[in-house]
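Engineer: What follows is a predicted protein model with its sequence.
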Amino acid sequence: MFTLKVSEEVRKACPDYVGAAIYAKVTNSAHSEGLWKIIGEVSAQYKASHQIDEVKKNQHILATRNAYKKFGKDPNRYRPSAEALCRRILRDLPLYRIDTLVDLINLVSIQTGYSIGGFDAGKISGNELELGVGKADEPFEGIGRGILNIEGLPVIRDAVGGIGTPTSDNERTKLSVETTELLAIINGYSGREGLTEAVDYMQSLLREFAGSDGGEVVYF
């Protein structure tokens, strides 16, 4: 497991923040029919019970949006990933089909409202990670987004630089079908409430669909 820290800048602005890191040995796959059956059911239930203007009222999405505002970022231009996924469902846009690990993480985000970073642990530089705030002109290549302006976004950094924000993770450490070591970070800007349940849910999905024992969990 990695050593994880929260910078003073983030701690001062977001004193309620609690992160949960799950490190797990996994077997990834290009597609899981069983997982997508669950995703389809959850998406249908979500669409039937929500309106699009309600998405940002979810306590975890709202807390992440408020963190963006505190750091000077417009959450309507740089939406947290959980919010973006839920909005896709309500707009009748198909969810992305990437691979089993990414799809699994997206399912947890839809169910809970947490924006979750998913990283290939073997591609992370060093053993220490810190949650800070993106700086002007800080290099960051978002997955499928090209160069992303992360100034004012919360960002997880390794020894080389940023690897993940609640809006997008970095190409450098992205998951692939070849990934055998997963590091998932659940960003709890709303505090501890609901975080343990999200961790338990992700671990159960990892056991069922990714050949894992659920992995090791650290709160920070």
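Structural biologist: Looks like it came in fine.
Engineer: The closest residue to Gly164 other than its chain neighbours in helix, strand or coil?
Structural biologist: Nearest non-adjacent residue to Gly164, counting by C-beta to C-beta, 6 or more residues apart in numbering: Gly117, 3.6 Å away. In this view, the C-beta of every residue, glycine as well, is placed from N, C-alpha and C. Judged by DSSP: H, G, I helix; E, B strand; the rest coil, the three-state class of Gly117 is strand.
Engineer: Show the pLDDT at Gly117.
Structural biologist: As summarised for this prediction, Gly117 has a pLDDT of 98.
Engineer: Would you check how far apart it and Arg91 are?
Structural biologist: In this structure, Gly117 and Arg91 are 24 Å apart, going by C-beta to C-beta, to the nearest Å.
Engineer: Those two - which one has more neighbours?
Structural biologist: Gly117 (24 against 9; other C-beta atoms under 10 Å).
Engineer: I figured the more buried one hits Ala184, correct?
Structural biologist: Yes. Counting by C-beta atoms under 8 Å, Ala184 is a contact partner of Gly117 at 6.8 Å.
Engineer: residues contacting the spatially most central residue of the chain?
Structural biologist: Most central in the chain under C-alpha atoms, centre = their mean is Ile116, positioned 1.4 Å from the mean C-alpha point. Counting by C-beta atoms under 8 Å, 6 or more residues apart in numbering, Ile116 makes contact with 81-82, 105, 108-109, 184-187, 202.
Engineer: do that again at 7 Å, thanks
Structural biologist: 105, 108-109, 184-186 (C-beta atoms under 7 Å, 6 or more residues apart in numbering).
Engineer: so what's Leu62 closest to, chain neighbours aside?
Structural biologist: Lys56 (6.0 Å).
Engineer: can you tell me the average pLDDT over the lengthiest helix in the chain?
Structural biologist: Counting by DSSP state H, the longest helix found in the chain is helix 33-49. Confidence for helix 33-49, expressed as mean pLDDT, is 98.
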